[in-house]
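Asker: here is a sequence with its predicted model. Questions after.
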Amino acid sequence: MDVAFVHVEKKLGVQKAVERAMDLAHVENVKLGNSVFVKVNLSSDRKVPSQNTSPWVLEGVLKKLADLGYSDIRVGDSDTTSSNVEKASSLWGFKKICENHKAKFVDLTRDRTIKTNIGGEILKEISLPETLMTVDSMMSVPVIKTHQITRITCSLKNQWGCLPTFRHQYHLVVDKAIVEINKFLRPKFAVADGTVCMEGSGPRTGKPRICDAILASQDLVALDAAASRFIGLNPEEVPHIKLAESEHLGSMNFRVVGSDFFSVKLEPPKENIVGAIEFSARKSMASKLIFNTSLLHIFTWGARVYNRYWWYLFRGRRYSREVLQNSWYKEEFQGSDYDKWH
């Protein structure tokens, strides 16, 4: 399967790079139906480039969909244990972008849910947001990051955020769960944001790395295999990508079209203190006591404090300034929110 790869340069601009990548991946041939849900990554309510999908990438996707005649477009994500999507969507300008392009932003955490049997071994009868059950199709628009649990988070892992509550309970079987949710939702197209990626302790506490690329494909498995190569990982060593191929969600064999392919070789994924504590607790005899009782609130509170305050104060804010003050990508983050947080 073809994977479009476009090298982003300032003279081209991010939106044009997104349009070119979508054209190269023949989005016009994909039958998306009348209504499309664009699943972005909004896993942080801090403004550190690489934590969330780039606003410019989202804008490029919405412009292209509008050009193709789609009028019922919805955009969204759900909360994590340490971030609030409602706050993140305002801080990162997603709500304003959606308004400008006549799309609707949906907070999946607060959307009405429908109990659904998705036929999985791990995910059986689960509650899914009504929006996901009523749209004609989905697109995955993630930012490329290393991930301390799954090694990479890209177009397949992005659907993890479609589970609005308690998805952390599946962390020990996350690779299987990722495949099962994708097998049910079946996104038809993906655009991966590789403008500013995250390396090291992703998906929340890694370091931004300017990588200047956009990837797109109709095959999410192929795209994630290419994205793995792009950041210096072997897709054969990423369990959820291999499992997705074995479940016939796509092929790891891909052909790059567009710009000359290059690898940025990001700092490999590594565990942060929050992940280390959680996995030790989940494997302990006290697991049920901790994660199935009110004690869980103490752990989620600790994760919020570490991610939103401690890490941000001592590392994240510095990482943000390095990108926002020293690269042309600062232009997409400037304005009142930039001034407020810096």
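Answerer: Cool, the structure landed. Numbers count the residues shown, from 1 in each chain.
Asker: now the strands: where do they sit in the stretch 151-300 of the chain?
Answerer: Applying DSSP state E, counting those that start in this stretch to the stretch 151-300 of the chain gives strands spanning 151-153, 189-199, 207-217, 255-258.
Asker: mind listing what's buried in the third one?
Answerer: It refers to strand 207-217. Under the neighbour-count criterion of 16 or more other Cβ atoms under 10 Å, strand 207-217 has Lys207, Pro208, Arg209, Ile210, Cys211, Asp212, Ala213, Ile214, Leu215, Ala216, Ser217 buried. Glycine gets a C-beta too; all of them are placed from N, C-alpha and C.
Asker: equivalent analysis for stretch 85-103, please.
Answerer: Neighbour counts over stretch 85-103 (16+ other Cβ under 10 Å) mark Val85, Ala88, Ser89, Leu91, Trp92, Gly93, Phe94, Lys95, Ile97, Cys98, His101, Ala103 as buried.
Asker: tell me the contacts of the nearest residue to Asp260 once chain neighbours are set aside?
Answerer: What sits nearest to Asp260 in space, not counting adjacent residues and going by Cβ to Cβ, 6 or more residues apart in numbering, is His7, at 7.5 Å. Taking Cβ atoms under 8 Å, 6 or more residues apart in numbering as the criterion, His7 is in contact with Ala17, Asp212, Ala213, Ser259, Asp260, Phe262.
Asker: got a list of contacts for the helix or strand hosting the first one?
Answerer: In this assignment (DSSP states H and E), Ala17 forms part of helix 14-24. Contact with helix 14-24 is made by 2, 4-9, 12, 54, 56-57, 59-61, 63-64, 189, 191, 195, 214-216, 257-258, 332, as judged by Cβ under 8 Å, 6+ apart.
Asker: given the helix or strand following it, what are its sheet partners and their directions?
Answerer: The C-terminal neighbour of helix 14-24 among helices and strands, as given by DSSP H and E, is strand 35-40. In the sheet, strand 35-40 lines up against strand 72-77 (parallel), strand 137-141 (parallel) (DSSP bridges).
Asker: report all helices and strands that the next helix-or-strand element following the shortest one contacts.
Answerer: On the C-terminal side of strand 137-141, the closest following helix or strand by DSSP H and E is strand 143-147. Secondary structure elements in contact with strand 143-147, counted by 3 or more Cβ pairs under 8 Å, 6 or more residues apart in numbering; DSSP states H and E, are strand 151-153, strand 189-199.
Asker: direction-wise, compare strand 143-147 with strand 189-199 and give the angle.
Answerer: Here strand 143-147 points in a direction 50 degrees away from that of strand 189-199 (axes from the mean of the first three to the mean of the last three Cα atoms, to 10 degrees).
Asker: please state the offset of strand 143-147 from the chain centre?
Answerer: The chain centre lies 8 Å from the centre of strand 143-147; the measure is Cα atoms, centre = their mean, to the nearest Å.
Asker: what's the angle from it to strand 207-217?
Answerer: Computed by the same axes, to 10 degrees, the angle between strand 143-147 and strand 207-217 is 120 degrees.
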